[in-house]
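Participant: Quick check, what structure comes out for this input:
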Amino acid sequence: MKYSHAYIDSYSSQRTLRTKQMRRIVILTLIGMILSLVTLRTGLWYGTWVISAMLGFVTVYRRDALLSGLLIGACSWGGQLAFDAITGPLMKAANTITDIMGIGSAAGFILLAITVVWGIFLGLFGAWFGSSIGQQFRTSRSS
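Facilitator: Numbering: from 1, shown residues only. Modelled structure (predicted):
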């Protein structure tokens, strides 16, 4: 089966464009993780949502935005918990809180998992919102 040169050139240029887009998304995701971690360290817990929404707005494909939002939420909130675990008695505090909640005195990991899931939700919802607004913006500008 023979392909024309125009088809091969078109495929090659599309692949190059997708590679450039993925490189840009990876860089923006890493920057988003760092910024989200900084906002968490300063007490702005909603910074994950805002940063993910901005990334979703500039991302062309929704699946890329959602993956970036998931990574930003999980890594920033999980990184914050890891930092707190290294610098202080995080598990002791988590176990005390779960004991007060009535879950059990040794179930602090449940509270930590809920915290990371909350960060994931913030990242996903922010990326979804930003992607939706970005698609509406791009659609209205093209018509």
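Participant: Point out where this protein drops to low pLDDT.
Facilitator: 1-14, 143 (pLDDT under 70).
Participant: how about a cut-off of 90?
Facilitator: Judged by pLDDT under 90, the chain has its weakly predicted residues at 1-25, 60-61, 82-112, 137-143.
Participant: quick one: the helices in it?
Facilitator: Applying DSSP state H to the chain gives helices spanning 5-41, 47-58, 62-87, 90-101, 108-142.
Participant: which outside residues touch the second one?
Facilitator: I take that to be helix 47-58. Defining contact as C-beta atoms under 8 Å, 6 or more residues apart in numbering, one finds that helix 47-58 is touched by 28-29, 32, 35-36, 38-40, 62, 65-66, 68-69, 72-73, 76-77, 119, 122-134, 137. No exception for glycine: its C-beta is placed from N, CA and C like everyone else's.
Participant: residues contacting Thr98?
Facilitator: 104-105, 107-108, 110-111.
Participant: now with 7 Å?
Facilitator: Each residue near Thr98 by C-beta atoms under 7 Å, 6 or more residues apart in numbering is listed here: 104, 107-108, 110-111.
Participant: That one - nearest residue in space that isn't next to it in sequence?
Facilitator: Ala107 (4.4 Å; C-beta to C-beta, 6 or more residues apart in numbering).
Participant: and that neighbour, how far is that from Ile31?
Facilitator: Distance of Ala107 to Ile31, computed by C-beta to C-beta, to the nearest Å: 35 Å.
Participant: Settle it for me: which of those two has more neighbours?
Facilitator: Under the criterion of other C-beta atoms under 10 Å, the comparison of Ala107 against Ile31 puts Ala107 first, with 17 against 13.
Participant: count of residues packed around Gly130?
Facilitator: Gly130: 25 neighbours (other C-beta under 10 Å).
Participant: Look up the closest residue to it, ignoring the ones flanking it.
Facilitator: In space, Gly130 is closest to Gly56, 2.8 Å off (C-beta to C-beta, 6+ apart).
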